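**Q** got a sequence here, can you build the structure:
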Amino acid sequence: MNENDFSSYLVNIQKQFFSGVPVTEISLKDICFEITEENEAKLIDGTVNHPIILKYPVKYSYQTIFLKKLLSILESGSTSSEIADTIYEHYVRVLNSKSDVYYKHYYLNHNDIITLEENPNLISDGTTGLCTWQASLHLAEWCIQNNHLFDSKNIFELGSGVGLLGIVLSKKTTAKEIWLSDCHSQVLNKLCKNIKLNTTDYKIIDEIDLEQFDLLKSGRTLLKAVSDGVEGQKTFGVKLFDWVDVSTPGLFSDLFCDYVLAADVVYDSSVFEHLLRNAETLKSFLKTIEQTESLHYRKLDCVKPKVLFWNQDTPIELYAVYSRRRIFIDYGVPRNDTKRNYYGGHLI
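**A** Okay, the predicted model is just below:
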């Protein structure tokens, strides 16, 4: 394998490793074929020994499985060079490491990597909002590939979770205002942490102590930051918002939105009636639109990954839903892993 091919493979493996893609889905055999000792070192320094991973570690059990698979391939004789001692040393280091906090990292380019504190479990503390889901990655990629739509626009996201979509928008679009929202205290705590971690070019001008969470009402600004750039001042913030309060008069009287976004928020049918007054699945969601005189929709082509990485086996349907005043885009993501059909989507 020549150096150009190796560099290309390494970037692909980094994207997967950083974001915690299951090790069984990472093709290490190709990069390990006739690998040199020098490139072994590059592979280790680009994954488990990368400065970002050392400071903000992905789950140590995940790193252990990754190194175990790598050693298994190398020990099988796929390379003529000796296995570097440093690989075994890092395996022992990782095996004996512990942490209560874990991260995932989303590779935008060599100099721009989004770091998110996430919970390793899909569901914890009664919420699914403490980790990044496939639909969020797809929507983030869609926004990157259609970033011209957001020039100087105001954006509001529902159910922002740990913040991937909003942070991507702040880095890859020229949106004027980006407001993220959620209603779960622990999710909002992580969301605010992640925004501060990834937006060092913004200055925080307002922040609420989440110890007071039980006293706060929907619509309250929890974090507000501004940044002065060549496009003018940009705003990035977080609001507490529970959908059951959607009809509250004056809830967001101070907020004007060009687009409303959401990813993977309709997995629970109990929230549908607050989203579009519908308690069924995606099919019923679309049927409701058909029955609403002021709305109509059309199916759009989904995007292929160019920047972010996600499991392309996840079935996704993308729709544009139009009204006289705004556009609403939703895609259904059936999930069968819990023996129920869940649907996630995004709104614009």
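**Q** domain parsing for the protein?
**A** Domain assignment of the chain by automatic domain parsing yields the ranges 3-100, 110-332.
**Q** averaging pLDDT over each of the ones you listed, which comes out lowest?
**A** Least confident of the domains of the chain, judged by mean pLDDT, is domain 110-332 with a mean of 80.
**Q** just the domains of the chain: most buried one?
**A** Of all the domains of the chain, domain 110-332 has the most neighbours on average by mean count of other C-beta atoms under 10 Å, namely a mean of 17. All C-beta atoms are positioned from the backbone trio N, CA, C, and that covers glycine.
**Q** how far is that domain from where the chain is centred?
**A** 10 Å (C-alpha atoms, centre = their mean, to the nearest Å).
**Q** what ranges does the protein have for its helices?
**A** 3-18, 28-32, 37-45, 51-55, 60-75, 85-95, 134-145, 164-172, 185-198, 272-276, 282-290 (DSSP state H).
**Q** what helices or strands is the first one leaning on?
**A** To tie it back to what came earlier, the one meant is helix 3-18. Counting contacts by 3 or more C-beta pairs under 8 Å, 6 or more residues apart in numbering; DSSP states H and E, helix 3-18 packs against helix 28-32, helix 37-45, strand 102-109.
**Q** dump the ones you listed into JSON lines; add distance to residue 70 as well.
**A** Compiled in JSON lines, these are given as follows (distance: least, C-beta to C-beta, whole Å):
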{"stretch": "helix 28-32", "distance to residue 70": "6"}
{"stretch": "helix 37-45", "distance to residue 70": "8"}
{"stretch": "strand 102-109", "distance to residue 70": "19"}
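**Q** can you say which of those is nearest to residue 244?
**A** strand 102-109 (30.2 Å; C-beta to C-beta).
**Q** tell me what that closest one is packed against?
**A** Against strand 102-109 (3+ C-beta pairs under 8 Å, 6+ apart) you get helix 3-18, strand 112-118, helix 164-172.
**Q** wait, which of these is closest to residue 139?
**A** It's helix 164-172; of the helices and strands packed on strand 102-109, that one is closest to residue 139 (C-beta to C-beta) at 5.9 Å.
**Q** got the CA positions of that closest one in CSV?
**A** Output of helix 164-172 as CSV, limited to C-alpha atoms (Å, rounded to 0.1, in the frame of the first residue of the first chain):
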residue,chain,number,x,y,z
LEU,A,164,-24.2,17.6,17.3
LEU,A,165,-26.6,19.3,14.8
GLY,A,166,-26.4,22.8,16.3
ILE,A,167,-22.6,22.7,16.5
VAL,A,168,-22.3,21.5,12.9
LEU,A,169,-24.6,24.4,11.9
SER,A,170,-22.4,26.9,13.8
LYS,A,171,-19.3,25.6,12.0
LYS,A,172,-20.5,24.8,8.5
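**Q** list the helices and strands it packs on?
**A** So helix 164-172, by 3+ C-beta pairs under 8 Å, 6+ apart, packs with strand 102-109, strand 112-118, helix 134-145, strand 154-158, strand 177-182, helix 185-198, strand 232-240.
**Q** how about the helices of the chain in TSV, adding distance to residue 235?
**A** Converted to TSV, the helices of the chain look like this (distance: least, C-beta to C-beta, whole Å):
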stretch	distance to residue 235
helix 3-18	29
helix 28-32	42
helix 37-45	38
helix 51-55	27
helix 60-75	36
helix 85-95	40
helix 134-145	18
helix 164-172	10
helix 185-198	12
helix 272-276	25
helix 282-290	31
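**Q** closest one to residue 311 among the ones you listed?
**A** Closest to residue 311 of the helices of the chain is helix 134-145 (C-beta to C-beta; 6.0 Å).
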